[in-house]
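*Asks:* give me a model of this one.
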Amino acid sequence: MDINKHVHKQEKQNYISSSATSEFPQTMSSMPPLLSLFTPKSCLKPPKKSHLSPNLPKNPLLSHQILQIKHAQYVSEVHGLQYQYASHSFYPQNYSTKYLKRPKLHIPRASASSDPITNAEKRKGIGTLKLGLVFGLWYLYNVIFNIYNKKVLILFPYPWFLASFQLFTGSLWMLFLWFFKFQPCPTISKGFILALLGPAFFHTVGHISACVSLSRVAVSFTHVIKSSEPVFSVVFSAFLGERYPFLVWLSLFPIVFGCSLAAITELSFNLQGFYGAVISNIGFVLRNIYSKKSLGEFKDIDGLNLYGVISILSFFYLFPVSIVVEGSQWVEGFNSAVKAIGKPWIFLLWVLISGVFYHLYNQSSYEALDEISPLSFSVGNTMKRVVVIVASLLVFRNPIRPLNALGSAVAILGTFLYSQATQKIKAKR
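*Replies:* Numbering: from 1, shown residues only. Below is the predicted model of the structure:
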C-alpha cells in the first residue's frame, strides 16, 4: 500500500513538471534573451502550493485531471522598461472554483457615459446646441449690422465710404485669421485670382447698391425688396439655359405680388432706394452664377476663404471709385456727424461696429451653411429677414401700414415656397 502511494505521488509530480515545462519556459535558457534579463526569478519558479487552497480535498485521480491555467501578471520595471510575463497556477478541472485563491483583479466598471446610446444622445444634443448657437449668432450679427449701419447712414449719408470701410474691415479680419493660423490660408495662384475677378466685381455691385438703398429708405423696405432675389435668380438662369419646372415659376408670383404691394404702400418710398435694392439683387445673383462657372476647378477652397479673397478684391474695386464719387464730401460730412452726436468717438465706434459685424454675419452664414443642409439654410435665411425687419421696426419706430405689412409677409412667404420647390427638384435629381 505504501509502495502504491509512493508511485502515485511520484507520477503526480512528473506529470505536473512535464505539463509546466511544455507550456511555459521555466529556465533562463528557454526564455527569450532580452526578456530573461529583466524577469524576476520568482516568475521562473513553479507555482507554490499557496496558490491552492489548503482546504482543497485530496484527489487520488489528480494525475488524470486536465490542468487549467490562470494567468496572473508579474511586472518587472528595470531602467524604465516594463516586461510582462505570465505565471500559472494549477487546479483540477472537476473541483469547484471556490477552492481557489485567485489573485484579485481590478476591473473598472463602464460608466454610464460609455453607453453608446447615451453617447449618441449627447452628441445629438451637442450638435443641436451648436446649430442653435450658429443660427443665433448669424441672426444677432445681422441685426446689429443693419441697425448700426442705418444709424451711421442717418448721420453720415455717404454709403460709398461706409461700404468701402466695411470691405476694408473684412479684409483685415481675414488677414488676421490667416496670419495667426486661425483659418487655413488658401493657395493663391494667378488662375485663382483671375477666376475671382468677375465674382468680386458683382459682389462689389451688390454691396454698394444695398448700402445706397439703406441710406435712402427704411431697413424693413430694403429687406422686403431684397427678398425678391429668387425672381432674378430664376430669370437670369433661365436666360442662360437652365430649365425650371412650373412649380418653381409658380412660387415667384407671391414674391412679385408681395414686393409690389409693399412698395406701393411704403411711407418712406424713394426711387433711388428702390433701385438700389433691385440692383443689389441683380449683383448678388450674377455673382453666384458667375462663381459656379469660373470656380469649378477650385472646389478645394472653403466658403469662408473664398469670401475673404472676394472681400479683398472688392475693396480694391470699390475704394478708388468711392473717392471719385463722394471723396470731397467726407470731411464735411464727418464734422456734421460729430456735431450732431456730440462725441466723435461714439460716431467712430458706430462705424467700426458696422464694419466688424458686416464681416461677422457673412462669416457666420458660411459656418451655418457648413452645419446644415441647403434647404435648412434657405429657410433660415428667410427667417433672418423677418427677424431683421421686426428688429428695425422696433428700434427705429418706422410707421407701417397694414397693407405694407401684408405685402411684406406675402413676399417672404413666397421666398419660403421658392426654397422648398427648388430643394425638392434638387433632391429628385
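*Asks:* quick check: residue 324 vs residue 356, distance?
*Replies:* Taking C-beta to C-beta, to the nearest Å as the measure, residue 324 falls 27 Å from residue 356. Where C-beta positions appear, they are placed from N, C-alpha and C, glycine not excepted.
*Asks:* so the two - more neighbours on which side?
*Replies:* Comparing residue 324 with residue 356 by other C-beta atoms under 10 Å, the one with more neighbours is residue 356, at 19 against 9.
*Asks:* helices and strands around the host helix or strand of that one, which ones?
*Replies:* Assigned by DSSP states H and E, residue 356 belongs to helix 344-371. Judged by 3 or more C-beta pairs under 8 Å, 6 or more residues apart in numbering; DSSP states H and E, helix 344-371 is in contact with helix 116-155, helix 159-179, helix 303-326, helix 330-341, helix 374-396.
*Asks:* between these, which gets nearest to residue 196?
*Replies:* Across the helices and strands packed on helix 344-371, residue 196 has its closest neighbour in helix 303-326 (5.9 Å, C-beta to C-beta).
*Asks:* touching the closest one from outside, list them.
*Replies:* For helix 303-326, the surrounding residues in contact (C-beta atoms under 8 Å, 6 or more residues apart in numbering) are 158, 160-161, 163-164, 167-168, 170-171, 173-174, 177-178, 183-186, 188, 192-193, 196-197, 199-201, 203-204, 207-208, 295, 359, 362-363, 366-367, 369-370.
*Asks:* just send the helices and strands packed on helix 344-371 back as JSON lines, with mean pLDDT and distance to residue 426 too.
*Replies:* Formatted as JSON lines, the helices and strands packed on helix 344-371 follow (pLDDT from 0 to 100; distance: least, C-beta to C-beta, whole Å):
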{"stretch": "helix 116-155", "mean pLDDT": "80", "distance to residue 426": "21"}
{"stretch": "helix 159-179", "mean pLDDT": "95", "distance to residue 426": "30"}
{"stretch": "helix 303-326", "mean pLDDT": "94", "distance to residue 426": "18"}
{"stretch": "helix 330-341", "mean pLDDT": "94", "distance to residue 426": "46"}
{"stretch": "helix 374-396", "mean pLDDT": "83", "distance to residue 426": "7"}
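*Asks:* which one of these lies closest to residue 275?
*Replies:* Taking C-beta to C-beta, helix 159-179 is the member of the helices and strands packed on helix 344-371 nearest to residue 275, at 13.2 Å.
*Asks:* residues contacting residue 389?
*Replies:* Residues in contact with residue 389 (C-beta under 8 Å, 6+ apart) are 219, 220, 223, 224, 408.
*Asks:* now do residue 205
*Replies:* Residue 205 makes contacts with 279, 280, 282, 283, 286, as judged by C-beta under 8 Å, 6+ apart.
*Asks:* quick one: least confident of those residues?
*Replies:* Lowest in pLDDT among the contacts of residue 205 is residue 286, which has 91.
*Asks:* residue 270 and residue 212, how far apart?
*Replies:* Taking C-beta to C-beta, one finds residue 270 at 10 Å from residue 212.
*Asks:* who has more neighbours out of these two?
*Replies:* residue 212 (22 against 15).
*Asks:* now do the nearest residue to that one once chain neighbours are set aside against residue 363, distance only.
*Replies:* Of all residues not flanking residue 212 in the chain, residue 276 sits nearest, at 4.0 Å (C-beta to C-beta, 6 or more residues apart in numbering). To residue 363, residue 276 is 24 Å away according to C-beta to C-beta.
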